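S.K.: The following comprises the amino acid sequence and a computationally predicted model.
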Amino acid sequence: MNLNLINKVAIVTGASRGIGNSISQVLSAEGVKLTLAARSPLEEFSASLPAESLPLSIDLRHPDSASHVVDATLEKFGKIDILINNAGATKRGDFLTLTDEDWADGYALKLFGAMRLSRSAWVHLMKSNGCIINIIGIGGRTGSAEFAIGGSVNAALMNLTKVLADRGIKDGVRVNAINPGSIATERLQTRIRTFASENNLSHAEATLQMASRLNISRFGTPEEIAQAVAFLASPQASYIHGSILDVDGGATRTL
């Protein structure tokens with residue numbers, strides 16, 4: 001399928017690894033010009049992409065970072081068509097041991113970073129009839145004792161997606177979200193290795209057991225999330241608006 005994304009301009013946050021890295025590769029292969037934002041260095045990755053890209057090593061927890069990303073994108077490419085809010089890992093742990101600093105850090109990047117970038121890019125997305133795709137997570141739908149920060153941040157970002165979609169009807173900006181389930185990123189691989197060590201299992205056995213405990217047949221791949229992003233960013237999805245797509249192997253069973 002031709003997604004008609006050639007020469008579109010996208011901002012991808014959290015682009016240095018995992019899902020954001022895969023999103024960047026898939027969009028670049030579709031001919032999208034990219035601004036890549038992450039705290040880690042991105043020059044080598046940027047140089048490996050087939051389409052033109054701008055690497056920005058930046059901490060989106062800082063209030064002025066969003067406007068810097070938008071300004072740099074406009075200076076380099078002259079427009080913004082797509083915003084992918086992907087950045088933001090939150091600390092897991094016992095609710096009673098999580099500190100105020102842990103909570104503030106979790107909200108600063110994933111929720112406030114996405115909010116500020118959406119606000120800064122909005123007028124430019126209006127000009128291009130562009131779109132926003134928020135990468136969130138199924139933990140916002142189903143509460144988990146060890147995921148108090150992430151779950152509440154994800155729930156807030158899902159609500160923000162609906163808010164922006166409501167505004168986007170008038171302004172011509174499509175806004176959707178993807179909730180990844182258990183995706184085989186570096187973070188998940190670390191959890192699998194820890195589980196294998198604690199239970200004297202091989203990596204393969206630990207992977208199967210962890211997936212089984214979640215009542216799914218397997219873990220997903222970052223590429224599967226990236227392909228969903230590319231579709232939602234394309235004109236092929238022009239009537240999809242305000243949707244929150246669970247890409248989780250069937251883990252979410254609630255309505």
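M.R.: That came through fine.
S.K.: Break this structure down into its domains, please.
M.R.: 9-183+221-247, 184-219 (automatic domain parsing).
S.K.: Tell me which of the ones you listed is the most buried.
M.R.: domain 9-183+221-247 (a mean of 19; mean count of other CB atoms under 10 Å). C-betas here are computed from N, CA, C, even on glycine.
S.K.: ends of it, how far apart?
M.R.: Its start and end residues considered, domain 9-183+221-247 measures 25 Å (CA to CA, to the nearest Å).
S.K.: so residue 240 touches residue 177, yeah?
M.R.: No - using CB atoms under 8 Å as the test, residue 240 is too far from residue 177 to be in contact (10.9 Å).
S.K.: Three-state assignment for residue 245, please.
M.R.: strand (DSSP: H, G, I helix; E, B strand; the rest coil).
S.K.: can you point me to the longest helix in the chain?
M.R.: helix 100-128 (DSSP state H).
S.K.: Output the contacting helices and strands for that helix.
M.R.: When contacts are defined as 3 or more CB pairs under 8 Å, 6 or more residues apart in numbering; DSSP states H and E, helix 100-128 packs onto strand 9-13, helix 65-77, strand 82-85, strand 131-135, helix 148-171.
S.K.: Can you say which of these is nearest to residue 214?
M.R.: Among the helices and strands packed on helix 100-128, the nearest to residue 214 by CB to CB is helix 148-171 (15.2 Å).
S.K.: Quick one: mean pLDDT for stretch 15-23?
M.R.: When pLDDT is averaged over stretch 15-23, the result is 96.
S.K.: contact partners of it?
M.R.: 12-14, 24, 34, 36-42, 45, 84, 86-87, 135, 180, 183, 185-187, 221-223, 225-226, 229-230 (CB atoms under 8 Å, 6 or more residues apart in numbering).
S.K.: returning to what we had before: now the helices and strands packed on helix 100-128 in CSV, with distance to residue 107?
M.R.: Below are the helices and strands packed on helix 100-128 laid out as CSV (distance: least, CB to CB, whole Å):
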stretch, distance to residue 107
strand 9-13, 15
helix 65-77, 15
strand 82-85, 14
strand 131-135, 15
helix 148-171, 6
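S.K.: Can you give me the distance of residue 173 to residue 90?
M.R.: 27 Å (CB to CB, to the nearest Å).
S.K.: brain fart, residue 79
M.R.: Taken as CB to CB, the span from residue 79 to residue 90 is 32 Å.
S.K.: quick one: residue 157 and residue 112 touch, right?
M.R.: No - using CB under 8 Å, residue 157 is not in contact with residue 112; the gap is 10.1 Å.
S.K.: Looking at strand pairing, list the partners for residue 93.
M.R.: Going by DSSP bridges, residue 93 is paired in beta bridges with residue 147.
S.K.: Please list the residues outside the helix or strand of the chain with the lowest mean pLDDT that contact it.
M.R.: Here the helix or strand of the chain ranked lowest by mean pLDDT, DSSP states H and E is helix 186-198, holding a mean of 87. Contacts to helix 186-198, defined as CB under 8 Å, 6+ apart, come from residues 17-18, 89, 182, 201-203, 205-207, 209-210, 219.
S.K.: Let me have those in CSV, adding distance to residue 70 as columns.
M.R.: As requested, the contacts of helix 186-198 are exported to CSV (distance: CB to CB, whole Å):
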residue, distance to residue 70
17, 23
18, 23
89, 23
182, 32
201, 47
202, 47
203, 42
205, 47
206, 42
207, 40
209, 45
210, 39
219, 34
